Each structure stands twice: as structure tokens, then as C-alpha cells.
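>>> the following comprises the amino acid sequence and a computationally predicted model.
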Amino acid sequence: MNPINRLAIVGGIHGNELIGVYLVKKFQKHPHLINRNSFETVTLLGNPKAILARTRYIDIDLNRCFMGDNLPATTSSTYEELRAKEIQAILKPQNQESVDVIIDLHTTTANMGLCIILGNMHPFLLGLAAYLSAINPLVKVYIHQQARNSGFLRSLCQLGFSIEVGAVAQGILDGELFKQTENLVYAVLDYFEDFNKGKTPLIQNSLNVYRASGVVDYPRNEDGDIAAMIHPQLQFRDYQPLHSGDPLFLTFESKEIFYEGESTVYPIFINEAAYYEKGIAMYLSQKEVIYL
């Protein structure tokens, strides 16, 4: 694989996810923290208007707008679609070197801890994930495969990925998660620096991952309104096995609704606040071991 020449750290694609916002601001104020000798590091605040308004987005979710050259025409675009064009021009300028790596910083209200989200199975990304989980056993690896230019910022380049941390409320800073995220960023930068110098660290030959396998919406009534909540026994149990017959939802009349799938699954992003509008109560995943 070719050396890493240009890397981008992006925070605030969602304006109310403040850890990424303030980490990028810190890096911009103290660039020596992220400068490495063998590659250029670019920092970017994703959605300035939403950051100022302390909201997830202004018109539409910016992290679904990165469609490569297939963005809508300027005359009919929303603010986020226009901003996606601007970001793409910065990260992938015409007739200039594009970024090789995108680190997209996010927070979640779900109990995801420290999570690395990979949009593809590139061996280099799997090696990076294995390294991060080896130096910090709290790191989980979630694989949600998408095509290039599928709408997510990380899909703009082959080595794009997200760091997702939680649980933290929208619009809130959490000091412990801030430091843990910051340390993960430094570890990533050091990994790429070592790679460029031919010193890729030794890692275990296997990696535990959670691979996306489905999505579950909330039960709804005939009007389409939510008719049940995440069951209290499931709340905050991200990455924990869910077996057939385990409680899944609780109606407002205290009736339990149980999981009826044939196989054991591992729910993640359980009760994420931003996913209510998307009709997502949780993602389901399969726990796997990948041999590197």
C-alpha cells in the first residue's frame, strides 16, 4: 500500500455532537498535537451553522449528503448539500492530491463506549482497528459496509472511518469521553506515522467485530406514532447478546414485546436520540472473529 500523504480530522458533521467540535477546535489552536513528520493533517469543522445553532443539522442530515459527483444541482440544494460540496472540494480538490484518510468524530446518546466504525473491509483499516482494540480493550469495532460515495463522510475515501463515543447527551461535553477520544486520535496518527516509516506494530492475528445485520424500528400504532419504548432490561445493553424470547420493547400499557428472531444478535445504537426521526430503535449486529 502507498504511504499516507494527507489525512483529515473532521468534527461537527452533526452540530450538537460537541466532543468532535471541541477536539477539532483544540487541534486548530494547538496544531503541534496532531502534526506528524510523514504526512499532512487537515482539520475541519463539518457543519458550522448547525454548530452555532447547537442542533444536529439545519435542513437535512449532512452525514447522508456525501454522494461524490452525484450531489443535486446548486440551485435546488439545501444548506447541508451545499456544505457537502464545499467539504468535498476541500478533501478531494480537483487536479490536486485528495486525502488518503478521513477520521470522522461523532458522539451518540447510546451506550456505545469507544467504537470504531468501518464502512469497508480494507485490510489496512482492519489492522488499524486491531491495533486500537489491542492498546485499549474498551474499543469496539463495528462494520457497517457501504459503497463509496454512499452519503456518509467516511465513504469519500477508501480509508475513511468514524470514531463514535457515548453515551453522552446531545449538546453536552463529557470530559472522560473527550480525553478517551483524543487519545484514540493520537494513537491513529501514530499508527499511520509508524506505517509510513515502515514500523507497523505487531498485532494479534484476530479481531472481534460486530457486523451490521439489520435494523429494528419502534412498534407503531395505526397513525404511525410510536407505541412502545425500549424495554428497561435492554436499555444501555449495547453489544450484549439478545436471544429469542428476551424482552425488546415495553408498551405504554406495560405490555412486554419480545425478540422473536431465530438467531442471537447483538443490538447497538440502542435508543439513539437522533434515530427517532429515522425510524430506528436499534441496529442489530452479528459478533464475528476476523482473522488478519
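That came through fine.

>>> average model confidence for stretch 175-194?
Taken as a whole, stretch 175-194 has an average pLDDT of 98.

>>> in it, what counts as buried?
Neighbour counts over stretch 175-194 (16 or more other Cβ atoms under 10 Å) mark 177-178, 180-182, 184-185, 188-189, 191-192 as buried. Yep, even glycine has a C-beta here, placed from its N, CA and C like the rest.

>>> ok, so of these, who is nearest residue 54?
Residue 54 lies nearest to residue 178 out of the buried residues of stretch 175-194, by Cβ to Cβ, at 17.0 Å.

>>> the closest one and residue 19 touch, don't they?
Yes: in terms of Cβ atoms under 8 Å, residue 178 counts as a neighbour of residue 19; the distance is 5.2 Å.

>>> so what sits against both of these two?
Contact criterion Cβ atoms under 8 Å, 6 or more residues apart in numbering; no residue bridges residue 178 and residue 19 by contacting each.

>>> so what touches the host helix or strand of residue 26?
Using DSSP states H and E, residue 26 sits within helix 18-29. Contact with helix 18-29 is made by 9-13, 15, 33-34, 41, 43-45, 51, 104-107, 165, 168, 171-174, 177-178, 181-182, 185, as judged by Cβ under 8 Å, 6+ apart.

>>> same question, stretch 230-237
111, 167, 242, 246-250, 256-257, 267, 270-271, 281-282.

>>> just those: which are in strands?
Under the assignment DSSP state E, those contribute 247-250, 256-257, 267, 282 to strands.

>>> show the buried residues in the residues you listed.
248-250, 257, 267, 282.

>>> quick one: buried residues of stretch 285-292?
So stretch 285-292, judged by 16+ other Cβ under 10 Å, has buried residues 285, 290.

>>> that stretch: how far from the chain's middle?
Chain-centre distance of stretch 285-292: 18 Å, with Cα atoms, centre = their mean, to the nearest Å.

>>> quick one: contacts of that stretch?
123, 126-127, 130, 142, 203-213, 241, 263, 265-268.
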